[in-house]
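Colleague: Have a look; sequence and predicted model below, questions after that.
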Amino acid sequence: MRSLWSRPRPEETAVSTSTATIEMQIYDSAGADPPTDQDEGSRYRFAAPLVNTARPVGQWQVYDIRFYAPRHDAAGHLLKAGSITAWLNEKVVQGGIAFTEPRSPYTPYKHGVPDFSRGIEKHLIETGKGPLFLQDHGSPTRFRNEWLVPLDE
C-alpha cells in the first residue's frame, strides 16, 4: 500500500493495515534522536523505526507498506506468520518483521463505531482481508493518492 499525508500542526494520527494488526505511526518526529516506538515510522508501541526519516510538519510524507496478514485454518490455528516491511519517505523503517498476533493496542473497527464496522471482524477471520484505516484523532490530517494493491502469497 502507499499512503501520502500532510499535517499543518503536530498531532498524532496513523495508518492501520487491512486487518488492523499493525498500526504505522504518523507523528511529529522530525529530528527525534533516537526515534521511539511512538514516533513516525514505528509500529506503534511495538517497534521503533530503524532510522528517522520524518519530514517537518507541513511537508508531504509517504509510507510504502508491504503487509502480509497471518494465515489461519478454519479452526483458527496459525498456518503462517504475517510480516511487514515499511518505508517512510523512501527509507526502510520496518524490515520484514514477522508476527502472529494482532500488534496494535487499538482496533479501529471495535471502538465507537456503527454496527456495520463491528461486522468486519467476522469477515477478517474468514478471509484474512479487510479495509485500510486512516486515523486522524480529530487532527486536520490530509491524505491523498492512497493505493492498496493485493499481493500474491
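Modeller: All right, it came through fine. Just so it is clear, the structure is predicted and the values come from calculations on it, not from any experiment. Numbering: from 1, shown residues only.
Colleague: Can you tell me the number of residues neighbouring residue 121?
Modeller: Applying other C-beta atoms under 10 Å, we find 15 residues neighbouring residue 121. (Glycine included, C-beta is placed from N, CA and C.)
Colleague: secondary structure class for it?
Modeller: helix (DSSP: H, G, I helix; E, B strand; the rest coil).
Colleague: Quick check: the gap between it and residue 44.
Modeller: 20 Å (C-beta to C-beta, to the nearest Å).
Colleague: Over to residue 119?
Modeller: Counting by C-beta to C-beta, the gap from residue 119 to residue 44 is 25 Å.
Colleague: Those two: which is more packed in?
Modeller: residue 44 (23 against 12).
Colleague: Show me where the protein has its strands.
Modeller: Using DSSP state E, the strands of the chain run over 2-6, 13-16, 23-26, 61-68, 71-72, 78-80, 82-88, 91-99, 133-135, 142-147.
Colleague: Just name the most buried of those strands.
Modeller: Of all the strands of the chain, strand 23-26 has the most neighbours on average by mean count of other C-beta atoms under 10 Å, namely a mean of 27.
Colleague: Now do that one: which elements does it pack against?
Modeller: Other helices and strands packing on strand 23-26, by 3 or more C-beta pairs under 8 Å, 6 or more residues apart in numbering; DSSP states H and E, are strand 13-16, strand 61-68.
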